[in-house]
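1. Make a model of this:
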Amino acid sequence: MSATAIAAMTALVAGGITAGLIAILHVLKPEYEPSWRMISEYSVGRYGWVMRLAFVTMAISPAATCVALWPFGGAWTIGLAAVALGALGAAFIDADPIMTPRAQATPVGRAHTVLGGVLLAGFPPAALFAGVGVASALGWVLAVASVVPFAGLVWFLVAAAPAHGRGGSPGIRIGWPDRFCFLAYLGWVVVAAIGVLSVV
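-> Numbers count the residues shown, from 1 in each chain. All right, here's what the predicted structure looks like:
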């Protein structure tokens, strides 16, 4: 099996593990209402290590996708590696509770927000650039598929707007768009990996 195929398979497996771990956390920590609590908060307190592991596998998935797509798109795919660094950093730096106003955020919580932002806001453009870069070899499906991650990001930003600087609350339902974003991002990785495996 070629290195490209191994990278594509790694992306698929890591993405599947990430989705599975996050699903398990919804059972392990039912106190985190998914309609308004962020996925990152699962890293705080009991069973926090499960979310940290999910962040690590979440980092592996786009990084491996970058490696898998590199022969077809070269530097166009490098944004996926940058996104992976955001997820990897978030694995070791915990988030503040969503209710924390910006003025009371801890330095660690602020760092997590920056790293999470690299992942959340960085993935859609990284997917688009990668899709354009590999289009001549793999077709335009990845560029077109990047519309779904962009839609998730827009949904998240619209839902989060009322919380500007004030912290979250049950009335600010950013939990579902947050989860949709991660599923959309992992779904794009699946499409990319299958596309690579179909030609190698």
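2. ok, and what's touching stretch 17-32?
-> With Cβ atoms under 8 Å, 6 or more residues apart in numbering as the test, stretch 17-32 has contacts from 34, 39, 41-42, 46-47, 50-51, 53-54, 57-58, 61, 179, 182-183, 186. Every C-beta, even on glycine, is put in place using the N, C-alpha and C of the backbone.
3. Filter these down to the ones in helices?
-> 50-51, 53-54, 57-58, 61, 179, 182-183, 186 (DSSP state H).
4. Out of those, which is nearest to residue 127?
-> Nearest to residue 127 among these, counting by Cβ to Cβ, is residue 186 at 11.3 Å.
5. Okay, now the unreliable bits of this structure?
-> Low-confidence segments of the chain (pLDDT under 70): 165.
6. all helices in it, in order from the N-terminus.
-> For the chain, applying DSSP H gives helices covering 3-28, 48-73, 78-92, 107-133, 135-138, 141-145, 147-160, 175-197.
7. now the longest one: how far from the chain's centre is it?
-> With Cα atoms, centre = their mean, to the nearest Å as the basis, helix 107-133 stands 8 Å off its chain's centre.
8. Kindly report the same for the last one.
-> Average the C-alpha atoms of helix 175-197, do the same for its chain, and the two points are 8 Å apart (Cα atoms, centre = their mean).
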